[in-house]
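In: sequence and predicted structure, then a few things I'm wondering about:
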Amino acid sequence: QVQLVESGGGSVQAGGSLRLSCAASRLTFSNYAMGWFRQAPGKERETLAAINWNGYSAYYADFVKGRFSISRVNAKNTVYLQMNSLKPEDTAVYYCAAGYSVRSSPLTRSTEYNYWGQGTQVTVSS
C-alpha cells in the first residue's frame with residue numbers, strides 16, 4: 001500500500017519559515033509527479049505547488065510565488081516544500097500528493113493525483 005507521510009509542520013510567527021517534507025514509500029517515486037495542497041477550516045482545498053517527475057518543472061499558485069519553493073530528491077523518495085515569509089492566512093492543514101505521470105509538466109489539479117498523505121498542521125500567528 002502506497003504511503004505518503006508529511007512532516008515539518010508546526011507553529012511559527014508571521015514572517016517565519018517552515019520546511020515540509022513528504023516521504024513516499026511502496027511506489028516507484030520517479031514515475032510520479034508530486035504536489036502540495038492545503039485546506040483551512042471552512043475552505044476548499046487549494047493547490048500550492050507541484051513538480052514533475054524529474055524535478056525540472058514546477059508550478060506555483062500565484063499567492064505563494066516568491067514565498068514557497070517545491071523540490072524533490074528521487075533518490076530519497078522525498079518531496080519538500082520550503083515556506084518563507086509565512087502569513088497568518090497560511091494557517092491550514094498541508095497535504096502532499098502523488099500523481100502517476102512522467103510528462104514534462106507538473107500536475108496542477110488535485111483530481112489528477114492518485115495518493116494523498118494524512119496532512120500536517122501549519123499554524124502561523126500574528
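Out: Ah, there it is. The structure presented is a predicted model; accordingly, all values stated were derived computationally and were not measured. Residues are numbered from 1 along each chain as shown.

In: in stretch 39-51, which residues are buried?
Out: For stretch 39-51, the neighbour count (16 or more other CB atoms under 10 Å) marks Thr47, Leu48, Ala49, Ala50, Ile51 as buried. C-beta here means a position set from N, CA and C on the backbone, and glycine is covered the same way.

In: state whether the second one is indeed within a strand.
Out: Yes. According to DSSP: H, G, I helix; E, B strand; the rest coil, the state of Leu48 is that of a strand.

In: just checking, it touches Ala61?
Out: Yes. Contact criterion CB atoms under 8 Å: Leu48 and Ala61 qualify, at 5.6 Å.

In: quick revisit: which of the buried residues of stretch 39-51 sits closest to Gly117?
Out: Using CB to CB, Leu48 comes nearest to Gly117 of the buried residues of stretch 39-51, at 13.4 Å.

In: any idea how far that closest one is from Lys87?
Out: 13 Å (CB to CB, to the nearest Å).

In: doesn't Leu107 make contact with Ala33?
Out: Yes. Between Ala33 and Leu107 there is a contact under CB under 8 Å: 4.5 Å.

In: Gly119: what's it in contact with?
Out: Gly119 makes contacts with Glu6, Gln39, Val93, Tyr94, Tyr95, as judged by CB atoms under 8 Å, 6 or more residues apart in numbering.

In: whoops, I mixed them up, Glu89
Out: When contacts are counted by CB under 8 Å, 6+ apart, Glu89 touches Val124.
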